[in-house]
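Undergrad: sequence first, predicted model second:
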Amino acid sequence: MTDIVEMRKSRLKMEMVDMRNVRLRREMVEMRKESETDEENETRTKSINDKSKNHQIETISALHDESKRKGLGRNRL
């Protein structure tokens, strides 16, 4: 009788350990997904900022070229 009880206890402990391991694996997968999402957001934000800076530089350069063409530079007499 005690052998059966001990076997059941042992099986329950193993099941609890298995359930805990499954839960931990799920949490790790979720954390990994969140980390990947954060990295994607960082990359996307950096790309947007770089494009914005490039656009500003192009706009300033175009305005500068146009002012030179029209003779509106600093050294105008």
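TA: Perfect, I can see it now.

Undergrad: okay, now residue 55: neighbour count?
TA: Neighbourhood size, residue 55 [other C-beta atoms under 10 Å]: 10. All C-beta atoms are positioned from the backbone trio N, CA, C, and that covers glycine.

Undergrad: tell me which element it is part of?
TA: helix 2-69 (DSSP states H and E).

Undergrad: centre of the chain versus that helix, how much separation?
TA: Computed by C-alpha atoms, centre = their mean, to the nearest Å, the chain-centroid distance of helix 2-69 equals 5 Å.

Undergrad: avg pLDDT for it?
TA: The predicted model assigns helix 2-69 a mean pLDDT of 89.

Undergrad: that one - contacts with which helices or strands?
TA: Here helix 2-69 touches no other helix or strand, going by 3 or more C-beta pairs under 8 Å, 6 or more residues apart in numbering; DSSP states H and E.

Undergrad: switch to numbering from 24
TA: All right, first residue 24 from here; so that's helix 25-92.

Undergrad: Three-state assignment for residue 94, please.
TA: Assigned by DSSP: H, G, I helix; E, B strand; the rest coil, the conformation of residue 94 is coil.

Undergrad: how much space separates it from residue 85?
TA: Counting by C-beta to C-beta, to the nearest Å, the gap from residue 94 to residue 85 is 16 Å.

Undergrad: repeat that for residue 45.
TA: Here the distance between residue 45 and residue 85 works out to 60 Å (C-beta to C-beta).

Undergrad: for burial, what's the neighbour tally of residue 87?
TA: Applying other C-beta under 10 Å, I find that residue 87 has 12 neighbouring residues.

Undergrad: got the contact list for it?
TA: If a contact means C-beta atoms under 8 Å, 6 or more residues apart in numbering, then residue 87 has no contacts.
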